[in-house]
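**Student:** no sequence for this one, just the structure:
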Ligand code: HEM
Ligand SMILES: [Ca+2]
Ligand SMILES: [Mn+2]
């Protein structure tokens, strides 16, 4: 029996940005998979169970799981405390779910808990692994590296660390800076809202998408948030941080609208609206950083090779204007020229994201 556990990550970057470990590959006990670090073998059955939850799709359960990676990890502050990507949002869910910023994440915590209980990995690893695996179901998403070995969470996170949609740009940028992110990285992370829908903001409505393509990791979200808002998808809940959106059925939150127009972030926003490849790449880099908040990367094992190749975006990768809208409907504050983008007359509204089935 071979017992090869190398904890150093000796690696070279590959074409897709994910490191390919050097050295001789070993066969996992399942006889099916081959890895460079045998310790990573435990992740394959976890991946199968996660993909069963997701139906191998970029749907509601994945969207919720991506949001969960953020709510666990961002609860990290050198001053205020919080363990970052440590799984505390699951381990101490009784306390952390009392935080109103965590409204709606109870469903995915309940869906993830039984899967986690069947495997011998930490809650912190599980949450970030589910996000990295699920992203590959979304056409256009990056393949992000995954590091394993986060220890169990020690305590629940303090209440004030997860940004809310009615927070000012000042407050949001300060909170992210406290956790180590630049304004451009904040904007890059918000590419996540390209595969997102709201269940809690509009009274009575669920699955209200943030862009017209909630199952694709494209740049529609960045383009559509630059359009002038004209109506609410329902009654409008301005106390919850909702503002008008440009397309029937779509939701927009105030923080996204303001970050798209603020002098500190508008040019980054425009950059990602007009360059999907750049958006995906920079999101991937910021996401890796997010997944390691509060962790010592040198103590973790590089299991990136377990993450499958992400699906490519088909056809024209550029964002398109919905029916009847064009460059003249944009509220541009960045002074750089805005390129010409195609329009799609078939896009007149967006349907809700179907609810997750009870499993
Ligand atoms: C300024 C920072 C952010 C704010 C204020 C914010 C706020 C929100 C809000 C209010 C929702 C809707 C929740 C609901 O009603 O169901 C939401 C959804 C979501 N957020 Fe964020 N968010 C931020 C950053 C992020 C980041 C950095 C990520 C991931 C890296 C993320 C991932 C998601 C996802 C995937 C959803 C959709 C969940 C679903 O479809 O079920 N968000 N966000
Ligand atoms: Ca999208
Ligand atoms: Mn949802």
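**Tutor:** That came through, no problem. Since the structure is predicted, the reported quantities are computational estimates derived from the model, not experimental observations. Ligands and ions are numbered 1, 2, ... in the order given.
**Student:** Show me what from the stretch 201-350 of the chain comes close to ligand 1.
**Tutor:** Contact residues, the stretch 201-350 of the chain versus ligand 1 (Cβ under 6 Å from any ligand atom): 201, 253, 255. Glycine gets a C-beta too; all of them are placed from N, C-alpha and C.
**Student:** Please indicate which of the residues you listed are buried?
**Tutor:** 201, 253, 255 (16 or more other Cβ atoms under 10 Å).
**Student:** Reformat the residues you listed as JSON lines; add distance to ligand 2.
**Tutor:** Supplementary listing: these in JSON lines, determined by distance: Cβ to the ion, whole Å:
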{"residue": "201", "distance to ligand 2": "18"}
{"residue": "253", "distance to ligand 2": "15"}
{"residue": "255", "distance to ligand 2": "18"}
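**Student:** Among those, which ones are in helices?
**Tutor:** residue 255 (DSSP state H).
**Student:** Tell me the one among the buried ones among the residues of the stretch 201-350 of the chain next to ligand 1 nearest to residue 356.
**Tutor:** Nearest to residue 356 among these, counting by Cβ to Cβ, is residue 201 at 17.9 Å.
**Student:** and residue 341, how many neighbours does it have?
**Tutor:** By other Cβ atoms under 10 Å, the residues close to residue 341 number 17.
**Student:** any idea how far it lies from residue 273?
**Tutor:** 8 Å (Cβ to Cβ, to the nearest Å).
**Student:** Identify the contacts common to these two.
**Tutor:** Taking Cβ atoms under 8 Å, 6 or more residues apart in numbering as the criterion, residue 341 and residue 273 both touch 223, 319.
**Student:** before we move on, which element is whatever residue of the stretch 1-150 of the chain ends up closest to ligand 1 in?
**Tutor:** Relative to ligand 1, the nearest point of the stretch 1-150 of the chain is residue 63 (3.2 Å; Cβ to the nearest ligand atom). Under the criterion of DSSP states H and E, residue 63 resides in helix 60-73.
**Student:** Just checking the distance from that helix to the centre of its chain.
**Tutor:** Centroid separation between helix 60-73 and its chain, computed with Cα atoms, centre = their mean, to the nearest Å, is 6 Å.
**Student:** if I pick residue 317, what's in contact with it?
**Tutor:** By Cβ under 8 Å, 6+ apart, residue 317 lies in contact with 140, 218-219, 276-277.
**Student:** Quick one, which of the residues you listed are buried?
**Tutor:** Neighbour counting by 16+ other Cβ under 10 Å classes 140, 218-219, 276 among the contacts of residue 317 as buried.
**Student:** of all the residues you listed, which comes closest to residue 130?
**Tutor:** The closest of the buried ones among the contacts of residue 317, once distances to residue 130 are taken by Cβ to Cβ, is residue 140, at 19.0 Å.
**Student:** Kindly confirm my reading that the closest one is in a strand.
**Tutor:** No. Counting by DSSP: H, G, I helix; E, B strand; the rest coil, residue 140 is not found in a strand; it is coil.
**Student:** Contact partners for it?
**Tutor:** Here residue 140 is in contact with 216-218, 276, 280, 310-313, 317 (criterion: Cβ under 8 Å, 6+ apart).
**Student:** Rebuild those as CSV, extending it with distance to residue 181, pLDDT and secondary structure.
**Tutor:** Converted to CSV, these look like this (distance: Cβ to Cβ, whole Å; pLDDT from 0 to 100; DSSP: H, G, I helix; E, B strand; the rest coil):
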residue, distance to residue 181, pLDDT, secondary structure
216, 25, 98, coil
217, 20, 98, coil
218, 23, 98, coil
276, 21, 98, helix
280, 18, 98, helix
310, 23, 90, coil
311, 27, 89, coil
312, 28, 93, coil
313, 26, 96, coil
317, 26, 95, coil
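**Student:** secondary structure class for the residue lying closest to residue 30 once chain neighbours are set aside?
**Tutor:** Distances taken as Cβ to Cβ, 6 or more residues apart in numbering put residue 44 closest to residue 30, at 6.4 Å, once the chain neighbours are dropped. Following three-state DSSP, we place residue 44 in the helix state.
**Student:** Local confidence estimate at residue 44?
**Tutor:** We have a pLDDT of 98 for residue 44.
**Student:** wait, isn't it in contact with residue 27?
**Tutor:** No. Counting by Cβ atoms under 8 Å, residue 44 does not reach residue 27; the two are 11.8 Å apart.
**Student:** quick one: common contacting residues for the two?
**Tutor:** By Cβ under 8 Å, 6+ apart, residue 44 and residue 27 have these common neighbours: residue 33.
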